[in-house]
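1. This is a predicted model, with the sequence first.
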Amino acid sequence: MFLLPFHVIGCSHEHNDVEAVGRLRVLPAQLPARLESLRALGIPAVLVSTCHRTELYWWGDHDPSAWFSMMLAECGVSGVQLERKRADLAVRHLFAVSAGMCSSRFGEPEILGQVRRAWSTSRELGATNALIDGVFRHAVDAARHIRAAIGTYASASLGVRVREALQDLVETQRDVSEVRAAPLPLHVLVIGAGDAARTVVSSLAHGNKTTAFVLHVTNRTDSRAALLASTYGAAHVRWDGREQAMSTADVVIFAAHSTTPLVTSVEARALLRDRAAPSIWIDLGVPSNVGNAADLPVSVQYVDLDWLAMYAGEVLGTADVAARAHIALQGELARFAGVMHRRQVGARLALLEQRAVDAARAALESHALTAGTDASAEHAADAMARRVTRLLLRELTALSA
């Protein structure tokens with residue numbers, strides 16, 4: 001369709017173990033150093049890194065494979081399958097990823113914000129150029145159109161899934177109790193302040209059903225936790241007070257990125273030693289935030305992302321939704337190709353027009369050696385060359401359209 005020096009290399013959950021991909025994730029605080037090393041190599045690039053994929057998009061004829069392999073080694077990740085695409089296939093991949101078509105939950109809405117933030121960060125750090133900016137600008141626009149075509153039948157957001165699953169878990173606990181508990185407010189502690197934590201807090205704060213939630217938020221960076229808590233009317237728990245909050249919370253939702261567990265089963269037994277009431281722990285971490293989960297106290301009902309995926313089941317009309325999404329993707333790629341074609345034609349038009357003018361002036365100068373110089377004749381030659389070139393190229397463009 002079109003040949004652009006646009007490339008992508010990376011690994012994702014589609015072809016690799018999720019735990020390995022999660023260890024490769026680049027945190028926001030690490031991005032400046034990563035991008036600076038690319039800029040030093042003269043590679044305009046955007047690094048998109050989430051729990052389920054880490055991909056480097058770049059522009060030019062460079063080959064940053066060694067750079068990517070070094071990052072794998074620094075993160076202690078080996079044996080992963082890398083995917084590499086170029087030109088129109090790289091553009092297609094970026095459009096599909098941005099629209100959530102390559103997510104573990106088809107049509108996931110959070111990924112578009114993650115791609116947009118990765119691009120914005122790269123721009124702010126001076127790691128991109130106008131050409132790669134143009135591709136990402138079209139990708140964000142295309143993702144919005146594709147999501148509109150998907151409609152409301154896409155997989156529910158992570159926050160909605162957690163809320164609905166939590167509601168059912170709470171109801172099940174009440175049903176199996178000897179004395180059915182009254183629907184008192186549940187104290188929920190959310191650990192994390194990134195994308196996963198944000199969508200969970202937002203969903204619990206604005207979408208409660210029969211159960212009321214009293215929300216608390218904690219994170220390694222207290223300022224980020226305080227900002228997220230204040231945004232949704234939750235309470236902020238300082239990081240050094242998280243263990244006390246975990247021991248008293250009815251529900252603990254782990255949504256932090258950490259290469260090592262935030263709590264082990266041994267630590268959990270010590271924390272919950274004096275707690276009589278059952279508690280629910282939902283682990284959204286990739287890698288898992290809870291270590292040795294199989295040995296947790298019997299009072300803890302533990303669920304992870306795999307359980308959450310099985311709980312949600314298949315999306316109604318998935319095949320039809322996927323078909324609509326792919327049709328919309330093809331339309332967006334065709335629109336992008338049209339824009340690139342017009343830009344290329346415009347650039348060649350200006351170049352050929354200047355060549356025609358140069359040829360006309362050369363002919364005039366050759367004639368002037370014997371006939372003398374005439375300013376009006378030179379002006380007429382310029383105008384004639386430009387007019388003939390425009391007419392010719394317009395006809396050629398119309399024939400090729």
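-> Received the coordinates, thanks. Numbering: from 1, shown residues only.

2. Strands along the stretch 151-300 of the chain, start to end?
-> 186-191, 213-218, 235-236, 251-254, 263-264, 279-283, 290-291, 300-304 (DSSP state E, counting those that start in this stretch).

3. Residue 78 and residue 24 touch, don't they?
-> No. Counting by Cβ atoms under 8 Å, residue 78 stays clear of residue 24, with 10.6 Å between them. (C-beta placed from N, C-alpha, C; glycine too.)

4. between the two, which one's more packed in?
-> residue 24 (23 against 9; other Cβ atoms under 10 Å).

5. who touches the more buried one in this structure?
-> Residue 24 sits next to 11, 49, 54, 71, 72, 75, 77, 80 when contact means Cβ atoms under 8 Å, 6 or more residues apart in numbering.

6. Let's see that with 10 Å instead.
-> Applying Cβ atoms under 10 Å, 6 or more residues apart in numbering to residue 24 gives the contacts 10-12, 16, 49, 51, 53-54, 68, 71-72, 74-77, 80, 259.

7. Return the subset of those lying in helices.
-> 68, 71, 72, 74 (DSSP state H).

8. quick one: the first one and residue 114, what's the gap?
-> Read it as residue 68. Relative to residue 114, residue 68 is positioned 19 Å away (Cβ to Cβ, to the nearest Å).

9. low pLDDT regions in this protein?
-> Where the chain drops to pLDDT under 70, the residues are 1-2, 151-157, 174-183, 207-211, 309-320, 342-378, 380-386, 388-401.

10. ok, which stretches of the stretch 1-150 of the chain are helices?
-> Under the criterion DSSP state H, counting those that start in this stretch, the stretch 1-150 of the chain carries helices at the ranges 18-23, 31-40, 65-74, 87-98, 110-124, 130-150.

11. the inter-axis angle of the longest one versus helix 110-124?
-> When you say that, I think you mean helix 130-150. 170 degrees (axes from the mean of the first three to the mean of the last three Cα atoms, to 10 degrees).

12. other SSEs contacting helix 130-150?
-> For helix 130-150, the packing partners by 3 or more Cβ pairs under 10 Å, 6 or more residues apart in numbering; DSSP states H and E come out as strand 6-12, strand 45-49, strand 53-59, helix 87-98, helix 110-124, helix 318-371.

13. how about 7 Å then?
-> helix 87-98, helix 110-124, helix 318-371 (3 or more Cβ pairs under 7 Å, 6 or more residues apart in numbering; DSSP states H and E).

14. and the second one, which residues are buried?
-> By neighbour count with 16 or more other Cβ atoms under 10 Å, helix 110-124 contains the buried residues 110, 111, 112, 114, 115, 116, 118, 119, 121, 122.

15. try stretch 133-142
-> 133, 134, 135, 136, 138, 139, 140, 142.

16. go on, stretch 41-51?
-> 43, 44, 45, 46, 47, 48, 49, 50, 51.
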